[in-house]
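K.L.:
no letters, just coordinates:
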């Protein structure tokens, strides 16, 4: 488990982050970029993506929110893990239909990175094992899952509420 390190000890301001593991759908990437930009939360994109990705395509998906977003692209899962090691420690919180913790019962921390898997396949076992916490949104019987961007918005909003991470209104 990755230890939690406070901003007071590191001198670095902690913030929640969003991370996408090999996204499949460009429109969802656009929604994530808008969510990230609007709430001031950095976004990590773990490649390869299931569609061609370049700055022009990302700009198109993000519309006019691209310049407001903090986007970090990682060539692989290994590259993402190495980048996490260079930041103040925080938990890797996986949102998954197989999550063990129920969303309403989770206490979030300011340094948490919320990781979401591929729309078509989630994440592989090695990613599940690397997560410090796996969270499931309880759904009514017969419903498999929510749209990945919608699930991220729900959980990120609660995490920001709990950690006083919302920006002041402009």
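P.N.:
Alright, I've got the coordinates. Quick caveat, the model's predicted, so the values are computed rather than measured. Numbers count the residues shown, from 1 in each chain.
K.L.:
spatially nearest residue to the residue nearest to the spatial centre of the chain (excluding sequence neighbours)?
P.N.:
For the chain, the residue nearest the mean C-alpha position is residue 18 (2.3 Å; Cα atoms, centre = their mean). Leaving aside its chain neighbours, residue 18 sits nearest to residue 43 (4.9 Å; criterion: Cβ to Cβ, 6 or more residues apart in numbering). (Each C-beta comes from the backbone N, C-alpha and C, glycine too.)
K.L.:
now residue 79
P.N.:
residue 46 (7.8 Å).
K.L.:
I'd say that neighbour and residue 77 touch.
P.N.:
Yes: because the distance of 5.9 Å satisfies Cβ atoms under 8 Å, residue 46 is recorded as touching residue 77.
K.L.:
out of those two, which sits in the busier spot?
P.N.:
Higher neighbour count among residue 46 and residue 77: residue 46, with 26 against 17, using other Cβ atoms under 10 Å.
K.L.:
so how far is residue 63 from the more buried one?
P.N.:
Per Cβ to Cβ, to the nearest Å, residue 46 is found 22 Å from residue 63.
K.L.:
one more: residue 18?
P.N.:
In terms of Cβ to Cβ, residue 18 sits 18 Å off from residue 63.
K.L.:
ok, then the element right after the least confident helix or strand in the chain by mean pLDDT?
P.N.:
For the chain, using mean pLDDT, DSSP states H and E, the weakest element among its helices and strands is helix 7-10, scoring a mean of 32. As assigned by DSSP states H and E, the chain's next helix or strand after helix 7-10 is strand 17-21.
K.L.:
which strands border the helix or strand where residue 115 lies, and is each parallel or antiparallel?
P.N.:
Using DSSP H and E, residue 115 falls within strand 113-116. Sheet pairing here is set by DSSP bridges, and for strand 113-116 it gives strand 17-21 (parallel), strand 92-95 (parallel).
K.L.:
of all those strands, which lies closest to residue 127?
P.N.:
Each of those has some distance to residue 127 by Cβ to Cβ; the shortest is strand 17-21, at 6.2 Å.
K.L.:
packing partners for the helix or strand following the closest one?
P.N.:
The helix or strand immediately downstream of strand 17-21 is helix 26-39, counting by DSSP H and E. Secondary-structure packing of helix 26-39 (3 or more Cβ pairs under 8 Å, 6 or more residues apart in numbering; DSSP states H and E): strand 17-21, strand 43-46, helix 55-62, helix 148-162.
K.L.:
buried residues in helix 26-39?
P.N.:
26, 28-37, 39 (16 or more other Cβ atoms under 10 Å).
K.L.:
got it, and stretch 43-63?
P.N.:
43-47, 49-50, 53, 58, 61-62.
K.L.:
sweet, I'm off.
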